[in-house]
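Enquirer: Kindly return the folded structure for what I paste below:
(chains A, B, C and D)
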There are 2 protein chains.
Amino acid sequence: MKDTVDCDIRQSLDRISSQMRRDYSESLRELNLYVGQDNLLSRLWVGDGITQMQLCEHLKCEPPTITNMVKSLEQNGFIYRERDKQDARVMRIYLTDIGKELEKPVEIRWKQQQEKLLHTILPEERLLLRRLLKQMESNLL
Amino acid sequence: MKDTVDCDIRQSLDRISSQMRRDYSESLRELNLYVGQDNLLSRLWVGDGITQMQLCEHLKCEPPTITNMVKSLEQNGFIYRERDKQDARVMRIYLTDIGKELEKPVEIRWKQQQEKLLHTILPEERLLLRRLLKQMESNLL
DNA sequence: AATAAATACTTAGCCCACTAAATATATCAC
DNA sequence: GTGATATATTTAGTGGGCTAAGTATTTATT
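Expert: Numbering: from 1, shown residues only, chains lettered A, B, ... in the order given. A predicted model of the protein is given here:
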């Protein structure tokens, strides 16, 4: 019953990702953040002043998604936007002080979530798991 | 660097699920379906005439989500709703002929997607992968 | 220089998913 | 039987994510 195994794998993947999203989302609400916004901010913590197109590539999503996320994050005071001097088409995104302060608390919650997911999995198993997941990831390209 | 491994696992999971969603979504558009709707229909193909609450439990989502999905599926002619005779609070959901006809084409696309994801993974590896995923799944409960 | 094509972003409109609050109906308790 | 509580669904509003179409601005072509 190879089919049953494959089916279980897919369903597990679905359930894990939706449950993770729910859990993590709840955890982020304490910081007045929505799930997905942390991902955008984490790119800015590496270095801000980047364009929306660069955010698109990093988040692997379409431009309108970034427009909306950026609007929401700006309204909540975590980031601000400035039009590029050289190229007036481009918007550059910067962190506010409030946005910068979120790095640590987000990291804590992110690690907690990670540990909840993996705490029963042995180190060798994690290595193996990583290999298999990477393989599936490249299968989808 | 155990941390790096864990981090990779989480990121892989995220990327796999979002890429799967995108791919599968595109594939379902040929059938005039949106991703998620197939899941609701698949419960009805097992047996229709069930209530929205039962769909909630099956899809593990909240009642308003079902209200919207059902509305959209009804407008597109895949299902219809009837108020329960015994309990007027309850709506029972039934498949139309068009909805019934979707079972096979959806199954084909679903299997294709599954195979794309797993085709490089060996049978023994799939068994192991399933075990690890199930373990993570229960870690989240 | 004037026109065409490419790039960066926005708007409008869907879908999935959520919370909070409202509505309708059923059931339980006194 | 009447009031209180529980259950099933809907409405309103928010966010992530998408596509199609629109707006600016820049660059390439002629």
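
Enquirer: Need the three-state assignment for residue A:61.
Expert: coil (DSSP: H, G, I helix; E, B strand; the rest coil).

Enquirer: Just the pLDDT for it.
Expert: As predicted, residue A:61 sits at a pLDDT of 96.

Enquirer: Likewise for the one 4 residues further on?
Expert: pLDDT, the model's per-residue confidence, is 97 for residue A:65.

Enquirer: contacting residues for it?
Expert: Contacts for residue A:65 were tallied using CB atoms under 8 Å, 6 or more residues apart in numbering or on different chains; they are A:56, A:59. Yep, even glycine has a C-beta here, placed from its N, CA and C like the rest.

Enquirer: for chain A, longest helix please?
Expert: Longest helix in chain A by number of residues (criterion: DSSP state H): helix A:2-29.

Enquirer: What residues sit buried inside the helix or strand immediately after it in the chain?
Expert: Of the helices and strands lying after helix A:2-29 in sequence (DSSP states H and E), the nearest is helix A:37-46. Across helix A:37-46, burial judged by 16 or more other CB atoms under 10 Å in any protein chain shown covers A:37, A:38, A:39, A:40, A:41, A:42, A:43, A:44, A:45.

Enquirer: for those, which one is nearest residue A:139?
Expert: residue A:39 (22.9 Å; CB to CB).

Enquirer: count of residues packed around the closest residue to the closest one other than its chain neighbours?
Expert: Among residues not flanking residue A:39 along the chain, residue A:59 sits closest, at 5.9 Å (CB to CB, 6 or more residues apart in numbering or on different chains). For residue A:59, the neighbour count with other CB atoms under 10 Å in any protein chain shown is 17.

Enquirer: Check whether residue A:59 really touches residue A:43, as I assumed.
Expert: Yes: Residue A:59 lies in contact with residue A:43 (CB atoms under 8 Å); the separation is 7.4 Å.

Enquirer: coming back round to it: got the angle for the longest helix of chain A vs helix B:37-46?
Expert: 130 degrees (axes from the mean of the first three to the mean of the last three CA atoms, to 10 degrees).

Enquirer: and residue A:48, what are its phi and psi?
Expert: Main-chain torsions, residue A:48, degrees, to the nearest 10: phi -100, psi -170.
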